[in-house]
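Predicted model and sequence follow; I will ask about them next.
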Amino acid sequence: MEPTTLLQVNDIVAAYGQSTILWGVNLEVQPGTVTTVMGRNGVGKTTLLKTIMGLLKARQGQVLLKGRPITSQAPYKIARAGIGYVPQGREIIPKLTVQENLLLGLEATPDHKPRMTEEEIYTLFPILKEFRRRAGGNLSGGQQQQLAIARTLISGPALLLLDEPTEGLQPSIAIEIGDILRRLVTTKGMAVLLVEQKIDFARHVTDYFYFMERGRMIKEGSAATFDFQELQEHIAV
Ligand SMILES: Nc1ncnc2c1ncn2[C@@H]1O[C@H](COP(=O)(O)OP(=O)(O)O)[C@@H](O)[C@H]1O
Ligand SMILES: [Mg+2]
């Protein structure tokens, strides 16, 4: 049997008031893969993730998770259906400890019980175990990003949406984040939908690419066949 598509975005149109941002976006995420959406600032990448998550209502089109429609449902319902969202700018709570921040992720589960244990999470993110009693605000940018991802994992999502997780991080720290994403996919069977602007980082972790311009997908392809030279030229403009 063909494995079912995990996430299907069909012809999504989304707008803020009168200003349409997404003009019929199509995208698929297969289980156990990292899929990346690339594109310059302002093309609508964050808007796409917000629309998938139900934070912005779609004007047209459909979002399906494992074949079931979740279009424009309440964000908490979408979280419980199996999508975890790590917003751009990693919104952790600076005054709470690392462990307290982590446990906030339980809010996304119907019964407030973890789907991935703290120990499993600390195995993926050893630095968070070491710093579990420190205030989140005292972590470095890379460690805060790890905490933001870990907090989402505690509810055991099938799909993780990540909005520019390496923004403002040094390349070596970005690579660490990339290694963690690969491990999630290979050892936990999760899927990741990543929004990125850094081609080198994205190539290192991605199975399938989409390239977005002004609210539309204009190119897609597997990491093996994608024309990165052309993408580089597009992004660099
Ligand atoms: N809350 C908002 N209200 C009105 N316009 C917005 C809002 N958020 C983003 N936009 C506009 O939508 C467009 C796409 O933004 P965004 O999705 O954040 O792009 P990206 O993530 O690709 O940089 C931009 O022109 C931006 O100014
Ligand atoms: Mg953005």
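Thanks, I have it. Residues are numbered from 1 along each chain as shown. Ligands and ions are numbered 1, 2, ... in the order given.

Pretty sure residue 176 sits in a helix.
Yes: according to DSSP: H, G, I helix; E, B strand; the rest coil, residue 176 belongs to a helix.

Can you tell me the SS state at whichever residue of the chain sits closest to ligand 2?
The nearest approach of the chain to ligand 2 comes at residue 46, 3.2 Å away (C-beta to the ion). (Glycine included, C-beta is placed from N, CA and C.) Three-state call for residue 46 (three-state DSSP): helix.

these two touch, right, it and residue 85?
No: in this structure, residue 46 is not within contact of residue 85 by C-beta atoms under 8 Å, at 10.8 Å.

Just want to know which of these two has more residues nearby.
Neighbour totals were compared for residue 46 and residue 85, and residue 85 leads with 23 against 19 (other C-beta atoms under 10 Å).

neighbouring contacts of the helix or strand bottoming out on mean pLDDT in the chain?
When the helices and strands of the chain are scored by mean pLDDT, DSSP states H and E, helix 228-236 comes last with a mean of 78. Under the criterion C-beta atoms under 8 Å, 6 or more residues apart in numbering, residues 38-40, 197, 199, 203, 209, 211, 213, 219 lie in contact with helix 228-236.

Can you list the buried residues in it?
For helix 228-236, the neighbour count (16 or more other C-beta atoms under 10 Å) marks 231, 234 as buried.

Any residue of it touching ligand 1?
No: taking C-beta under 6 Å from any ligand atom as the criterion, helix 228-236 and ligand 1 are apart, separated by no less than 11.7 Å.

and what of stretch 205-219?
No: taking C-beta under 6 Å from any ligand atom as the criterion, stretch 205-219 and ligand 1 are apart, separated by no less than 7.1 Å.

Span of that stretch from start to end?
One end of stretch 205-219 sits 18 Å from the other (C-alpha to C-alpha, to the nearest Å).

got it, and stretch 120-130?
Start-to-end, stretch 120-130 (C-alpha to C-alpha) is 14 Å.

Okay, buried residues for it please.
For stretch 120-130, the neighbour count (16+ other C-beta under 10 Å) marks 120-122, 124-125, 127-128 as buried.

Next secondary structure after the host helix or strand of residue 193?
Residue 193 belongs to strand 191-196 when assigned by DSSP states H and E. Counting by DSSP H and E, the element after strand 191-196 in chain order, helix or strand, is helix 199-205.

residues in contact with residue 30?
Contact partners of residue 30, counting by C-beta under 8 Å, 6+ apart, are 3, 5-6, 191, 207-208.

Mind doing that once more with 10 Å?
3-7, 191, 207-208 (C-beta atoms under 10 Å, 6 or more residues apart in numbering).

next one: residue 208
27-30, 33-36, 220-226.

Tell me which two of the residues you listed sit farthest apart.
Farthest-apart pair in the contacts of residue 208 is 27 and 224; separation 18.9 Å (C-beta to C-beta).

can I assume residue 137 is in contact with residue 131?
No: at 11.6 Å, residue 137 does not count as touching residue 131 under the criterion of C-beta atoms under 10 Å.

When the two are compared, which one has more neighbours?
Applying other C-beta under 10 Å to residue 137 and residue 131 shows that residue 131 carries more neighbours, namely 20 against 12.

Give me the phi and psi for that one.
Dihedral pair for residue 131: phi -100, psi 20, per degrees, to the nearest 10.

show me what contacts the nearest residue to it once chain neighbours are set aside?
Nearest residue to residue 131 in three dimensions, chain neighbours excluded: residue 98, at 5.2 Å (C-beta to C-beta, 6 or more residues apart in numbering). Shown in contact with residue 98 (C-beta under 10 Å, 6+ apart): 92, 125, 127-136, 138-139, 143-144, 146-147, 150-151.
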